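Participant: Okay, here's the prediction I keep looking at, along with the sequence it came from:
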Amino acid sequence: MSTKNLLKLATGGAMAVILLGCGGFGYPIGSLYTGMQTPHGINRNETSGPGKTGDKHGEACATGILSAVAFGDASLDAAKKAGGISEVHSVEFHGTNILGIYSQGCTEVHGK
């Protein structure tokens, strides 16, 4: 492969990462800036069962734009605070990504 073709391939790959991001699902990560909090993976579990219904619900989100900047507080603490929850029964994640132009990841908590 010639140096010119290798340079084109490297440039194209770099542009794809910048424009599309490094993944389609998950919390948004900006290629130029990231400033957000996310829950630790161990907190994304479900501990439901008899007597563990969650009558309260809280949600916290982080947003990314053009895979260049990402901001927000999608932490478990922020979701608990939003729902007034002190006893967590389940934690879920949901996210949206539209062509790397707009992405949003949210932590959803249920409990009492």
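Facilitator: Okay, I see it.
Participant: For the protein, just list every one of the strands.
Facilitator: 33-37, 56-65, 69-73, 88-98, 102-111 (DSSP state E).
Participant: Contacts for the second one, please.
Facilitator: Outside strand 56-65, the residues that touch it by CB atoms under 8 Å, 6 or more residues apart in numbering are 21, 27-30, 36-38, 70-76, 78-85, 101-112. Placement of C-beta: from N, CA and C, glycine included.
Participant: what about burial for the residues you listed, which qualify?
Facilitator: 21, 27-30, 36, 38, 70, 72-76, 78-80, 82-83, 85, 103-111 (16 or more other CB atoms under 10 Å).
Participant: ok, back up a step: quick one: the strands of the chain as TSV, columns for mean pLDDT and distance to Leu7 too.
Facilitator: Shown next, in TSV, are these (pLDDT from 0 to 100; distance: least, CB to CB, whole Å):
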stretch	mean pLDDT	distance to Leu7
strand 33-37	65	27
strand 56-65	93	29
strand 69-73	93	28
strand 88-98	81	29
strand 102-111	88	30
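Participant: would you turn those strands into JSON lines with distance to Lys8?
Facilitator: Formatted as JSON lines, the strands of the chain follow (distance: least, CB to CB, whole Å):
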{"stretch": "strand 33-37", "distance to Lys8": "28"}
{"stretch": "strand 56-65", "distance to Lys8": "28"}
{"stretch": "strand 69-73", "distance to Lys8": "28"}
{"stretch": "strand 88-98", "distance to Lys8": "27"}
{"stretch": "strand 102-111", "distance to Lys8": "28"}
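Participant: Distance-wise, check Gly64 relative to Ser90.
Facilitator: 25 Å (CB to CB, to the nearest Å).
Participant: Neighbour count: those two, which is higher?
Facilitator: Gly64 (27 against 16; other CB atoms under 10 Å).
Participant: can you pull up the bridge partners for that one?
Facilitator: Listed by DSSP bridges, the beta-bridge partners for Gly64 are Ala70, Ser103.
Participant: do Ala60 as well
Facilitator: Listed beta-bridge partners, Ala60: Thr107 (assigned using DSSP bridges).
Participant: where's it relative to Lys80, distance?
Facilitator: From Ala60 to Lys80 the distance is 9 Å (CB to CB).
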